[in-house]
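Chemist: Next input, structure requested:
(one chain, ligands or ions: 1)
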Amino acid sequence: LKKSIALIAHDSCKDALVDWCLSNREQLSRYSLWATGTTGSVVGAKTGMDIHRVLSGPLGGDLQIGSKIVCGEIDILIFFWDPLASQPHDPDIKALLRVAALKNIPVATNQATADFLIASPLLDGDKHL
Ligand code: PGA
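Modeler: Predicted coordinates for the structure are as follows:
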């Protein structure tokens, strides 16, 4: 069974996520990809990658991804959140980050950490994935 990565980016960060996905296309192709609604549309359209989508973040998509994490169905979270904008669904974002910490899955909240994560030799092991 393929491991799963969830991709989420707030609006001002979507271009950065698209660029990151293009730079890491080969590595990402080994995973089943999930995303919140708009992130999935934008990244899918601009990269050609096949991405399963849940609802848009403000409509509950972050909670759907969180629910999948709780169920053990998401193994890695790439979440480029905007540190300069307040979000109407801030409580959902907090819940998502809480369950990701609870389940001890690798989380990248910016491009630098995502680069470290995707280059990690631990990706091929069983320690966290
Ligand atoms: P979106 O949601 O991918 O539907 O834009 C992301 C978010 O706001 O958490």
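
Chemist: and the top helix by length along the chain, which residues are buried?
Modeler: Across the chain, the longest stretch assigned as helix under DSSP state H is helix 90-102. For helix 90-102, the neighbour count (16 or more other Cβ atoms under 10 Å) marks 92, 93, 96, 97, 99, 100 as buried. Placement of C-beta: from N, CA and C, glycine included.

Chemist: restrict those to contacts with the ligand.
Modeler: When contact is defined as Cβ under 6 Å from any ligand atom, these do not meet the ligand at all.

Chemist: quick check, nearest of the residues you listed to the ligand?
Modeler: residue 93 (6.4 Å; Cβ to the nearest ligand atom).

Chemist: hmm, who's touching the longest helix of the chain?
Modeler: Helix 90-102 has contacts (Cβ atoms under 8 Å, 6 or more residues apart in numbering) with 8, 57, 60, 62-63, 65-66, 69-70, 77, 79, 81, 87, 107.

Chemist: what sits against whichever residue of the chain sits closest to the ligand?
Modeler: Per Cβ to the nearest ligand atom, residue 57 is where the chain lies closest to the ligand, at 2.2 Å. With contacts taken as Cβ under 8 Å, 6+ apart, residue 57 has the following neighbours: 8, 10, 36, 37, 38, 39, 87, 89, 92, 93.

Chemist: what's the answer for residue 66, then?
Modeler: 92, 95, 96, 99, 100.

Chemist: nearest to residue 31, of these?
Modeler: Sorting the contacts of residue 66 by distance to residue 31 puts residue 100 at the head of the list, at 16.2 Å, by Cβ to Cβ.

Chemist: and this structure, which residues reach the ligand?
Modeler: 8, 10, 36, 37, 38, 39, 56, 57, 58, 61, 62.

Chemist: Much appreciated, bye for now.
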